[in-house]
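*Asks:* A predicted structure for the sequence below; I have some questions about it.
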Amino acid sequence: MPLRPHMTLTETEQGMVLLDEASGRYWTLNATGAAVLRMLLDGDSVEDAVATLRRRHPDSAERVTADVAAFVRSLRDAEVIVP
Amino acid sequence: EMYEPPTLTEVGDFA
């Protein structure tokens, strides 16, 4: 799942910052968002990312699927990633 | 460490 052209990312202490160099819009991602986006950019599927988060956070496993789905939707809505 | 839902927050216009 690639980033759109003109999109650059920078890792931060809190997570990640994304900048659209064409439009000037920029976003912050928290640590979980940065981890999920990194997995997607590395070629993992959404299901893979969900499974990884579930393994890391078994106590929160029930909500992870919906949270990741909403997050990926927000990435698409913001046109950060190529659908 | 602790689970937080993944978030994407638009900060604004860099320009």
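*Replies:* Great, that's in hand.
*Asks:* which stretches of chain A form helices?
*Replies:* With helices called from DSSP state H, chain A shows them at A:31-41, A:46-56, A:61-77.
*Asks:* Point out the most buried one among those.
*Replies:* Stretch with highest mean neighbour count among the helices of chain A: helix A:31-41 (a mean of 20; mean count of other C-beta atoms under 10 Å in any protein chain shown). The way it works is simple: take the backbone N, C-alpha and C, and place the C-beta from them, glycine included.
*Asks:* Now tell me what touches that one from outside.
*Replies:* Residues from elsewhere that reach helix A:31-41 (C-beta atoms under 8 Å, 6 or more residues apart in numbering or on different chains): A:1-3, A:9, A:11, A:14-16, A:29, A:46, A:48-49, A:52-53, A:68, A:71-72, A:75, A:81, B:3-8.
*Asks:* Residues of chain B that sit close to chain A?
*Replies:* Residues of chain B lying near chain A by C-beta under 8 Å from any C-beta of the partner chain: B:3-15.
*Asks:* Buried ones only from these, please, as a ChimeraX command.
*Replies:* Here is the ChimeraX command that selects the buried residues among the residues of chain B next to chain A (16 or more other C-beta atoms under 10 Å in any protein chain shown):
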select /B:3,5,6,7,8
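*Asks:* Can I get the residues of chain B next to chain A in CSV including distance to residue A:63, secondary structure and pLDDT?
*Replies:* As requested, the residues of chain B next to chain A are exported to CSV (distance: C-beta to C-beta, whole Å; DSSP: H, G, I helix; E, B strand; the rest coil; pLDDT from 0 to 100):
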residue, distance to residue A:63, secondary structure, pLDDT
B:3, 8, coil, 94
B:4, 11, coil, 86
B:5, 7, coil, 96
B:6, 11, coil, 98
B:7, 14, coil, 97
B:8, 17, strand, 96
B:9, 19, strand, 95
B:10, 23, strand, 91
B:11, 26, strand, 87
B:12, 29, strand, 81
B:13, 33, strand, 71
B:14, 33, coil, 62
B:15, 37, coil, 62
